[in-house]
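Enquirer: With the sequence up front, the predicted model follows.
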Amino acid sequence: MYSASDLRKGLKVQIDGEPYIITEFEFSKPGKGQALYRTKMRNMITGNQFTQTYRSNDKFEKPDLEERTMQYLYSQGDEFHFMDTSSYEQIFITREQLGDNINFLVDNMEVQVLFFGDKPIDISLPIFVNLTVTRADPWVKGDTSGTDTKPVTVETGYQLQVPPFVEEGDKIQIDTRTGDYITRVKE
Amino acid sequence: MLSPAGLKQRSDFIQSLRLFFRQRDYIEVDTPIRLPVLIPESEILPCASGNWWLQTSPELCMKRLLAGGATRIFQICHCFRRQEQGRLHAPEFTMLEWYHVGWDYLDLMRECEQLVVELALACSSLAGITDGGNILRDNREVQLTPPWQRLSVDEAFASYTDTTASAALAEDRFDEILVTEIEPHLGWDRPLFLCDYPAQLGSLARPKPDAPHLAERFELYCCGIELANGFSELVDADQQRLRFSEEIAVMRKHGRAAAMPETFLRDLARLNDTAGIALGVDRLFMLFSGAFCLDDVLTFSTDELF
């Protein structure tokens, strides 16, 4: 159990059977008055947010959260299948739960899957991933638009802006936190 | 950890505080910070030190000095309150506390005004003070020229909330509403005194003679931040014992140790009418420095001790 004085930004607690992460936190207390713990929480399954003020006597259960290393296998419709690399157990996560992460998922990639009990609720990708450019139009020198980047599409279907020298078939490194091009990878 | 320049600013600030009181014939005192018994306060958690306690405020010993015949005393000391850590809280902080025999809380409000005005002029090189000696925060200039507004707790609830102080008390939501709905508005044109608290929120304060359900207690606010808490002291020892018993009952219900401060009550019986106030030195210095949080102006923040 956590008590209110344990609350802080980033702490994960369980409320009404669901896991929440504290996204904002402030301790307040009138000098002679009650300690108040003002929080903003996000439901880690639904993404819903709410604000709530807690008192010293409030208690919170620790959510049963566990991260496991898993390998991405394949997708079928809106289901993305992963395998536990030590137990070979397979699970799937929906497209909706994955959100923008699907832009950077390629077969056999290792990711960290977050479980709430036995339910997978989120994944964390490696910060940098290498993806193959599947479509790149040649850059027209003297392009009047004045930009020094051009759009390309990578193997996952994700589109981003890259320098003009990147060509179809190149491997490029992308920062999964921002979705931005980092560098061309020599093989 | 403060830089040498920050240390100098903090030292100059505290010397200016001292000078103010010395010029007004206050005697600076230093009372023990480790005590066998504290004032029973159910909302304040003390730190144990062996089987004694570290003071949560110097009130108990300072009032005993007044009972012993001192008439104007001040103290700048460290106080300790467990589990208080936040943007405006530190578990070890510096308190300025002063008492003036023969005064009431209205006299103290006037002296508060003079103190902050003089201090701002003395510290006008700090980032949170304008050339004219006003406070600058969030691009707003807070005029320090007295008089500052006196706003009663009842008026504050009427102005900023859709409930009343007594209804909020009955629902045990007084502090929550004060902190979230009222405090953020207080003290932006000029600093402001929030005064006349419900009597049960002023355990050590005298009831107003013409309205005994209210206590002669005030809090000084500037830029939404609580800076000081003062009152006309309750000098009726029997009444004080009764209120302490109520606090002790609440504390014991929560499994906390609590004892009646008998020596204090014995001495209180000899105390004449007095007004006293405690001011958070770190918070005022934070405002004067234009700092965002207390940690930025403490010599060491809690995190820096590990």
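Expert: Great, that's in hand. Numbering: from 1, shown residues only, chains lettered A, B, ... in the order given.
Enquirer: Could you look up the SS state of A:Asp148?
Expert: Taking DSSP: H, G, I helix; E, B strand; the rest coil as the rule, one finds A:Asp148 in the coil state.
Enquirer: A:Pro164 is in contact with that one, correct?
Expert: Yes - in this structure, A:Asp148 is within contact of A:Pro164 by C-beta atoms under 8 Å, at 6.7 Å. No exception for glycine: its C-beta is placed from N, CA and C like everyone else's.
Enquirer: State the distance from A:Thr79 to chain B.
Expert: For the record, residue A:79 is Glu, not Thr. From A:Glu79 across to chain B, the span is 44 Å (C-beta to the nearest C-beta, to the nearest Å).
Enquirer: what's the answer for A:Gly31, then?
Expert: Counting by C-beta to the nearest C-beta - A:Gly31 and chain B are separated by 5 Å.
Enquirer: pLDDT at A:Glu96, what is it?
Expert: As summarised for this prediction, A:Glu96 has a pLDDT of 84.
Enquirer: just A:Glu89 next, same as before
Expert: 92.
Enquirer: quick one: which of A:Asp148 and A:Pro164 has more around it?
Expert: A:Pro164 (15 against 10; other C-beta atoms under 10 Å in any protein chain shown).
Enquirer: who touches that one in this structure?
Expert: A:Trp139, A:Asp148, A:Thr149, A:Lys150 (C-beta atoms under 8 Å, 6 or more residues apart in numbering or on different chains).
Enquirer: So the closest residue to the third one other than its chain neighbours: helix, strand or coil?
Expert: Of all residues beyond its chain neighbours, the one nearest A:Thr149 is A:Gln161 (4.2 Å), with distances taken as C-beta to C-beta, 6 or more residues apart in numbering or on different chains. At A:Gln161, secondary structure determined by three-state DSSP is strand.
Enquirer: And for A:Gln161, the neighbour number?
Expert: 13.
Enquirer: was I right about it contacting A:Thr178?
Expert: No - assessed by C-beta under 8 Å, A:Gln161 is found out of contact with A:Thr178, at 11.9 Å.
Enquirer: ok, back up a step: which one in the contacts of A:Pro164 is the model shakiest on?
Expert: Checking pLDDT across these, the minimum falls on A:Trp139 at 71.
Enquirer: in chain A, what residue is nearest chain B?
Expert: Of all residues in chain A, A:Phe27 sits closest to chain B, at 3.1 Å by C-beta to the nearest C-beta.
Enquirer: Please confirm that that residue is located within a strand.
Expert: Yes - per three-state DSSP, A:Phe27 lies within a strand segment.
Enquirer: Would you confirm that it contacts B:Arg81?
Expert: No - the pair A:Phe27 / B:Arg81 is not scored as a contact, 11.7 Å apart, by C-beta under 8 Å.
Enquirer: hmm, back to that, list the contacts of the residue nearest to A:Thr149.
Expert: Here A:Gln161 is in contact with A:Thr149, A:Lys150, A:Pro151, A:Val152, A:Tyr181 (criterion: C-beta under 8 Å, 6+ apart).
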